[in-house]
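J.: Predicted model, plus sequence, below.
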Protein chains: 2
Amino acid sequence: MSDALGQVKAIIFDVFGTVVDWRGSILRELEEVGQTHGIDANWSEFADKWRAGYNEGSRAFLLEKQPWKKADLLHWERLNLLKANYGLDRLSEAELRHLNKAWHRLTPWKDSVKGLTRLKQKYMIGTLSNGDNGLLVHMAKNAGLPWDVIMGAENFGSYKPDPKVYLGAVDLLGYETHEVMVAACHLSDLYNARKNGLRAGFIVRPDEFGDSDREPDLVGDERIDVHATDFIDFAEKMGA
Amino acid sequence: MSDALGQVKAIIFDVFGTVVDWRGSILRELEEVGQTHGIDANWSEFADKWRAGYNEGSRAFLLEKQPWKKADLLHWERLNLLKANYGLDRLSEAELRHLNKAWHRLTPWKDSVKGLTRLKQKYMIGTLSNGDNGLLVHMAKNAGLPWDVIMGAENFGSYKPDPKVYLGAVDLLGYETHEVMVAACHLSDLYNARKNGLRAGFIVRPDEFGDSDREPDLVGDERIDVHATDFIDFAEKMGA
């Protein structure tokens, strides 16, 4: 490890895509619901549109076009907007509420828990997610993610890429910026972390977007401090 | 367990006194510093005065007499105010900074980790403390406290007994008030929890105040849902 990496005390992780396979998990739940209720629909398309509701909701807040809303509410609103076109309006309110909580039940990539457990021995590990705290807490409990600290959008009243989020996390932990590394599979997140003085750990997740048109990030530039193929490789390279 | 208790999904703990032996821990560190530097002082009195700095700081904020300050800063200010009278002004800046972090190194009562680990199998477990998040995160990491969620004063921009803190925690977790229990060794905290619709678990900690004049709470009234002698007894009574 370089001198710079030797100074890292905490690693804070992007969650959606980096730690959990949100698209595969949501798709699985939708397909199950489809089978149970005899609905045949393009679940892959639905999953992407549902996810987009959250991204648009956070962007609308950043642009001051919309008040703060919890992830559960953004998911709920988008689900209700989409449901009729995908035959989901035949579900009861209770069934829809349960489906909405699929975002609490996202499953980790197979190397995530093992890699995090190793990293936790040497580093403070946490989340730095645009998800809200409640959702992240339930996801961690369901999936056995061994976080030392869960930090979400609510902690800082904003979303990434707002510098308030990166610097707020550093401040909450009581460290210096160069002592905190952001770990993510999205280069834009990592470049923003570096711009704010934090370190950047890149873990590729080539399957995040499955069969959709979106392309995963595969190669970072010199702003990346560590490139890793998965969380085990990442733990290895961080000396954990 | 009663029907009411059967509905509890999350247990959120007061930390100082209930989970960790703050006074014993601080006293030990002060005595060590005293021995190293050849200082003979009334460390017991010092510990209580140091702790009072935090309590007064949080009260001053609630009364709108003082802006928000982190626990580390409140401890640091009080330490600097007190140090000359107790011979601690002979410590270097680095030594004083290290001493100030004694609050990150508080040790749990001997039954705490074992009881929490049991409770975690059945419940969502977290903190609901007037400490700030950074301090609670470092304390958990140092002491091996297996929290699912760490909630401190910063999450809600206020301190207990402000209802915003109790209700904010319930909202963050996405539960109903009667599904969340506050666990504490201080009756006032528990009575406030009940006033806001939460459940109350009382664990006695007869040694919290050591040889000082302050009396620990030993017997609660009918507002208490569960009385326990320690965290093992509490886990037992909560069916965990």
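T.: Happy to help now that I have it. The structure displayed is predicted, hence computed values, not measured ones.

J.: elements contacting the least confident helix or strand in chain A by mean pLDDT?
T.: Comparing helices and strands within chain A by mean pLDDT, DSSP states H and E singles out helix A:153-156 as the least confident, with a mean of 86. Of the remaining helices and strands, those touching helix A:153-156 by 3 or more Cβ pairs under 8 Å, 6 or more residues apart in numbering or on different chains; DSSP states H and E are helix A:163-173, helix B:153-156. The way it works is simple: take the backbone N, C-alpha and C, and place the C-beta from them, glycine included.

J.: Same question for the longest one: list its buried residues.
T.: Buried positions in helix A:163-173, judged by neighbour count with 16 or more other Cβ atoms under 10 Å in any protein chain shown: A:Lys164, A:Val165, A:Tyr166, A:Leu167, A:Gly168, A:Ala169, A:Val170, A:Leu172, A:Leu173.

J.: and what of stretch A:60-69?
T.: So stretch A:60-69, judged by 16+ other Cβ under 10 Å, has buried residues A:Phe61, A:Lys69.

J.: which SS class is A:Ala84?
T.: In three-state terms, and counting by DSSP: H, G, I helix; E, B strand; the rest coil, A:Ala84 is helix.

J.: Quick check, A:Trp76 in contact with A:Asn100.
T.: Yes. With contact defined as Cβ atoms under 8 Å, A:Trp76 reaches A:Asn100; the gap is 5.2 Å.

J.: ok, back up a step: with only the CA atoms kept, save the least confident helix or strand of chain A in PDB.
T.: What follows is helix A:153-156, C-alpha atoms only, in PDB (Å, rounded to 0.1, in the frame of the first residue of the first chain):
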ATOM      1  CA  ALA A 153     -29.000  11.300   2.700                       C
ATOM      2  CA  GLU A 154     -31.000  12.300   5.900                       C
ATOM      3  CA  ASN A 155     -27.800  12.800   7.900                       C
ATOM      4  CA  PHE A 156     -26.800  15.700   5.800                       C
END
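
J.: Among the buried residues of helix A:163-173, which ones lie close to chain B?
T.: By Cβ under 8 Å from any Cβ of the partner chain, the members of these lying near chain B are A:Leu172, A:Leu173.

J.: Quick check: residues of chain A near chain B?
T.: Along chain A, the residues adjacent to chain B under the rule Cβ under 8 Å from any Cβ are A:72, A:124, A:126, A:133-134, A:137-138, A:140-141, A:148-150, A:154-155, A:171-174.

J.: are any of these buried, and which?
T.: With burial judged by 16+ other Cβ under 10 Å, the buried subset of the residues of chain A next to chain B is A:72, A:124, A:126, A:133-134, A:137-138, A:140-141, A:148-150, A:154-155, A:172-174.

J.: from those, which ones fall inside helices?
T.: When DSSP state H defines the helices, the subset of these inside them is A:Asp72, A:Asn133, A:Gly134, A:Val137, A:His138, A:Ala140, A:Lys141, A:Glu154, A:Asn155, A:Leu172, A:Leu173.

J.: And A:His227, how far from chain B?
T.: Noted for A:His227: a distance of 27 Å to chain B, by Cβ to the nearest Cβ, to the nearest Å.

J.: sec struct for that residue, please.
T.: Criterion first, three-state DSSP; result for A:His227: strand.

J.: Might you report the residue contacts of it?
T.: Neighbouring residues of A:His227 by Cβ atoms under 8 Å, 6 or more residues apart in numbering or on different chains: A:Phe202, A:Val204, A:Gly220.

J.: By neighbours, which of those wins?
T.: A:Phe202 (25 neighbours; other Cβ atoms under 10 Å in any protein chain shown).

J.: Give me the contact list for the strand or helix carrying that one.
T.: A:Phe202 belongs to strand A:199-203 when elements are defined using DSSP states H and E. Contacts with strand A:199-203, where a contact means Cβ under 8 Å, 6+ apart, come from A:4-5, A:8, A:11, A:18, A:178, A:180-185, A:187, A:190-191, A:193-194, A:217, A:220, A:223-231, A:233-234, A:238.

J.: okay, and the common contacts of A:Trp76 and A:Asn100?
T.: With contacts defined as Cβ under 8 Å, 6+ apart, no residue is shared by A:Trp76 and A:Asn100.

J.: Just the pLDDT at A:Gln121, thanks.
T.: According to the predicted model, the pLDDT of A:Gln121 comes to 97.

J.: does it sit in a helix, a strand or a coil?
T.: Reducing the assignment to helix, strand or coil with three-state DSSP, the entry for A:Gln121 is helix.

J.: quick one: average pLDDT of the strand holding A:Phe202?
T.: Confidence over strand A:199-203 (mean pLDDT, whole number) is 98.

J.: could I have that strand exported to PDB, CA atoms only?
T.: Taking C-alpha atoms only, strand A:199-203 is exported to PDB below (Å, rounded to 0.1, in the frame of the first residue of the first chain):
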ATOM      1  CA  ARG A 199      -9.800   8.900  -1.200                       C
ATOM      2  CA  ALA A 200     -11.400   6.700  -3.900                       C
ATOM      3  CA  GLY A 201     -11.700   2.900  -4.100                       C
ATOM      4  CA  PHE A 202     -13.200   1.600  -7.300                       C
ATOM      5  CA  ILE A 203     -14.800  -1.900  -7.300                       C
END
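
J.: And that strand, how far out from the chain middle?
T.: On the basis of Cα atoms, centre = their mean, to the nearest Å, strand A:199-203 is displaced by 14 Å from the centre of the chain it belongs to.

J.: Note down every partner strand of that strand and its orientation.
T.: strand A:180-184 (parallel), strand A:226-228 (parallel) (DSSP bridges).

J.: between the longest one and helix A:163-173, how many degrees?
T.: The one in question is strand A:180-184. 130 degrees (axes from the mean of the first three to the mean of the last three Cα atoms, to 10 degrees).

J.: Identify the residues contacting strand A:180-184?
T.: Looking at what lies outside strand A:180-184 - Cβ under 8 Å, 6+ apart - the contacts are A:8-14, A:17-18, A:128, A:166, A:169-170, A:173, A:189-190, A:193, A:198-203, A:225-226, A:234.

J.: Quick check: what element follows it along the chain?
T.: Along the chain past strand A:180-184, the next helix or strand (assigned with DSSP H and E) turns out to be helix A:187-195.

J.: Same question for the last one.
T.: Tracing the chain past strand A:226-228, the next element assigned as helix or strand by DSSP H and E is helix A:231-237.

J.: And the average pLDDT for that next one is what?
T.: The predicted model gives helix A:231-237 an average pLDDT of 98.

J.: Kindly export it (C-alpha atoms) in CSV.
T.: Output for helix A:231-237, consisting of C-alpha atoms alone and laid out as CSV, is shown next (Å, rounded to 0.1, in the frame of the first residue of the first chain):
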residue,chain,number,x,y,z
PHE,A,231,-14.8,-6.9,-2.4
ILE,A,232,-12.3,-9.7,-1.6
ASP,A,233,-9.8,-8.2,-4.0
PHE,A,234,-10.5,-4.8,-2.5
ALA,A,235,-9.9,-6.1,1.1
GLU,A,236,-6.7,-7.6,-0.1
LYS,A,237,-5.5,-4.4,-1.7
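
J.: re the thing from before, next, the angle helix A:187-195 makes with the strand holding A:Phe202.
T.: 160 degrees.

J.: Neighbours of A:Gly6, how many?
T.: Around A:Gly6 there are 8 other residues, counting by other Cβ under 10 Å.

J.: same thing with A:Ser212?
T.: Under the neighbour criterion other Cβ under 10 Å, A:Ser212 is assigned a count of 13.

J.: what about it, which SS state?
T.: Of the three states, A:Ser212 takes coil under three-state DSSP.

J.: Thought A:Asn42 was touching it, still the case?
T.: No. With contact taken as Cβ under 8 Å, A:Ser212 and A:Asn42 are classed as non-touching, separated by 11.1 Å.
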